[in-house]
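In: Below: sequence and its predicted model.
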Amino acid sequence: MATSASQTLRTPSLGRNPSLSLSSKLSLSSPFSVSLRSRRCSRTARPLVVVVSAGLDAKPTILVSEKLGEAGLNLLKDFANVDCSYNLTPEELCTKISLCDALIVRSGTKVSREVFESSGGRLKVVGRAGVGIDNVDLAAATEHGCLVVNAPTANTVAAAEHGIALLAAMARNVAQADASVKAGKWQRNKYVGVSLVGKTLAVMGFGKVGSEVARRAKGLGMHVIAHDPYAPADRARAIGVELVSFDEAIGTADFISLHMPLTPATSKILNDETFAKMKKGVHIVNVARGGVIDEDALVRALDSGIVAQVFAISYLEALAAHCKAALDVFTEEPPPKDSKLILHERVTATPHLGASTVEAQEGVAIEIAEAVLGALKGELAATAVNAPMVPAEVITELKPFVDLAEKLGRLAVQLVAGGSGVKSVKVTYASARAPDDLDTRLLRAMIIKGLIEPISSVFVNLVNADFTAKQRGLRITEERILLDGSPESPLEFIQIQIANVESRFASAISESGEIKLEGRVKDGIPHLTEVGSFDVDVSLEGSIILCRQVDQPGMIGKVGSVLGEENVNVSFMSVGRIAPRKQAVMAIGVDDQPSKETLKKIGAIPAVEEFVFLKL
């Protein structure tokens, strides 16, 4: 028993358009990038994944525009030509970028639309050595088919530890007391602090860093609440943290620790209005981004006594790792020397030190190097920020099906004859898993890649697959077939049907009139298992010859002999037939591309009615 659910993505038709390039300006207002799902698919936000194929014969060139740890540089140099050019002007960066396949930056380099346009389509990946990507124009990167990856995990503990250090130092006036003693004073009564135990800490943003701060604060005996509209309640409960509304968090907290990214929604989220809702004497720690606080409003709150003290920090470059005292996460960095906020006696500041431990700096360098190299090698990237992604554990599970999806697309489009182009493609996924437990966005994007690249000069990757398909007029319908049985494997098979086209191999046309291919994964290897109405079984590890023949003894030997005489190695062979002594389709996997003469010899065998060579 099987049931199905389908959804359609409609775009203009897929035809040849040589004028379209990766630098074409494509509108981001289109809903085209929305994932395709079963109607019952969960709407829960998920982390995403991406694949980029470098396709380079020579070593790629990676430009590193800011200081990076030696461990990361060594990884890069083993694979690529590395150009370490620091303190580039915007003009110099635009000049260099056309010779680079990848760019690695920290927070000081602005990767603008002009940078992507100047790359001429060569730039395949931008790596941000750190978490925040507000210095990278993501819209321009996506339009130009450039993957953006970051390093979100290596500095998590360092940032959380620094947040806790500031929390404790703030509570006990450590920085102010230190400055006083060094000035020759002894003001014990002036710097009486407050205890952390029993106080309420509001963690604003319950992601990686925020949750680690919460764990440590619980160990100090604090009552921890959190606000994050996207945080799962079960993760908060596991740590012993209560998720509350924004107003409840800021209104009941003795200490507020900020851990949200800087977005239009969070820009100046702490302002005159929100400060007025806080308890008098609240303490604020900011290990996120300076722009989430309205700095002028904060000064007014400090002067009025609403805010007792503020510690503002963020993520500094490796050179600042030895700084002992300063201030950070400001709208302007470094802030002006006459900044009222910096000079305020109740503000303790550090200069972007959240990730500035030796261990974190090396970890970030390694993490971003591995992400950039993986992208250039065409591997799945779990830290992509501008394209379809899936969690790391799902990447491992889906990997053979990702390969299968692209190869089925490549085979299908090569079967199309005539110049009308592909306009309608139906993709069917058969699985015993519930629709909301199988996200097919990655598979769909790989099918698009396979359909477009063989008939186009455009380089297609998973970042720009949707945009390129839209420009070339592809309409995709996705259907799920829900099978009975154990859902141990994510998919039973993937089927592709192309409607309203002629075929170079008539036997690939199904009874309903579409080109139809079906594939499965066996022992981790993609296999072609159906062509039109014929069952076959051939490994998709090389290229394929399809032959329709009269089913009679000796056909495998005859075709094999022709290939053997021409030194073409056969990796796999399968025959599917309608009935004994009737028509059959032979699928032959070959390691090498046969010459035209060899293919003619196969076609000249009397029982062979038609054949086609398909390159993978």
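Out: Noted; the coordinates are in hand.
In: Strands along the stretch 451-600 of the chain, start to end?
Out: For the stretch 451-600 of the chain, the strands defined by DSSP state E, counting those that start in this stretch cover 475-482, 493-498, 502-503, 515-522, 525-531, 534-539, 543-550, 570-577, 583-590.
In: State the helix or strand in which Thr153 lies.
Out: Here Thr153 sits in a region with no helix or strand, counting by DSSP states H and E.
In: So what's the residue count around Glu66?
Out: A total of 19 residues lie near Glu66 under the criterion other Cβ atoms under 10 Å. C-beta: built from backbone N, CA, C; applies to glycine.
In: quick one: contacts for the closest residue to it other than its chain neighbours?
Out: Residue nearest to Glu66 in three dimensions, not counting chain neighbours: Arg106, with 4.2 Å by Cβ to Cβ, 6 or more residues apart in numbering. Each residue near Arg106 by Cβ atoms under 8 Å, 6 or more residues apart in numbering is listed here: 66-68, 128-130, 317.
In: Could you report the pLDDT at Arg106?
Out: Arg106 is assigned 90 on the pLDDT scale.
In: who's Ile545 bridged to?
Out: On DSSP bridges, the residues paired with Ile545 through beta bridges are Ile588, Phe613.
In: Please pull out the lowest mean pLDDT helix or strand from the protein.
Out: strand 50-51 (a mean of 38; mean pLDDT, DSSP states H and E).
In: residues making contact with the helix or strand following that one?
Out: For strand 50-51, the following helix or strand on the C-terminal side (DSSP H and E) is strand 61-64. Contact with strand 61-64 is made by 73, 76, 80-85, 96-97, 99-104, 372, as judged by Cβ under 8 Å, 6+ apart.
In: Distance of Val192 relative to Gln361?
Out: According to Cβ to Cβ, to the nearest Å, Val192 stands 37 Å off from Gln361.
In: ok now the helix or strand Glu362 falls within, how far from the chain's centre?
Out: Assigned by DSSP H and E, Glu362 falls within helix 358-376. Centroid separation for helix 358-376 versus its chain: 15 Å, with Cα atoms, centre = their mean, to the nearest Å.
In: What of stretch 173-193?
Out: Distance of stretch 173-193 from its chain centroid, counting by Cα atoms, centre = their mean, is 48 Å.
In: in that stretch, what counts as buried?
Out: Within stretch 173-193, the residues that qualify as buried are 173-177, 180, counting by 16 or more other Cβ atoms under 10 Å.
In: For Ala253, find the nearest of the strands of the stretch 451-600 of the chain.
Out: Closest approach to Ala253 among the strands of the stretch 451-600 of the chain is made by strand 475-482 (45.6 Å; Cβ to Cβ).
In: so the closest one versus strand 493-498, what angle?
Out: Angle of strand 475-482 versus strand 493-498, following axes from the mean of the first three to the mean of the last three Cα atoms, to 10 degrees, is 150 degrees.
In: Give the rounded mean pLDDT of strand 475-482.
Out: pLDDT averaged over strand 475-482 gives 90.
In: Pull up the pairing partners for that strand, direction included.
Out: strand 3-9 (antiparallel), strand 424-431 (parallel).
In: Just give me the lowest mean pLDDT stretch among these.
Out: Sorting these by mean pLDDT places strand 3-9 lowest, at a mean of 43.
In: List the contacts of Arg128.
Out: Contact analysis of Arg128 by Cβ under 8 Å, 6+ apart lists 104-106, 135-136, 148-151, 368.
In: Among these, which one sits closest to Val536?
Out: Closest to Val536, out of all of the contacts of Arg128 and judged by Cβ to Cβ, is Val149, at 38.9 Å.
In: so the closest one makes contact with Ala375?
Out: Yes. Contact status for Val149 versus Ala375: in contact at 6.2 Å, counting by Cβ atoms under 8 Å.
In: intersection of neighbour lists for those two?
Out: 125, 381, 384.
In: now, which of these lie within strands?
Out: Counted as lying in strands by DSSP state E, out of the shared contacts of Val149 and Ala375, are 125, 381.
In: element containing Leu68?
Out: Using DSSP H and E, Leu68 sits in no helix or strand.
In: these two touch, right, it and Ile104?
Out: Yes. Taking contacts as Cβ under 8 Å, Leu68 lies within contact range of Ile104: 6.3 Å.
In: hey, what's in contact with both of those two?
Out: Common neighbours of Leu68 and Ile104, counting by Cβ under 8 Å, 6+ apart, are 129, 368-369.
In: just the helices in the stretch 51-200 of the chain please.
Out: 70-79, 90-96, 113-118, 138-143, 156-171, 174-182 (DSSP state H, counting those that start in this stretch).
In: mean pLDDT for those helices: which is lowest?
Out: Of all those, helix 138-143 has the smallest average pLDDT, which comes to a mean of 85.
In: so who does the nearest residue to Pro526 once chain neighbours are set aside touch?
Out: Nearest residue to Pro526, sequence neighbours excluded (Cβ to Cβ, 6+ apart): Leu404, at 3.7 Å. Neighbouring residues of Leu404 by Cβ under 8 Å, 6+ apart: 494, 519-521, 526-527, 540.
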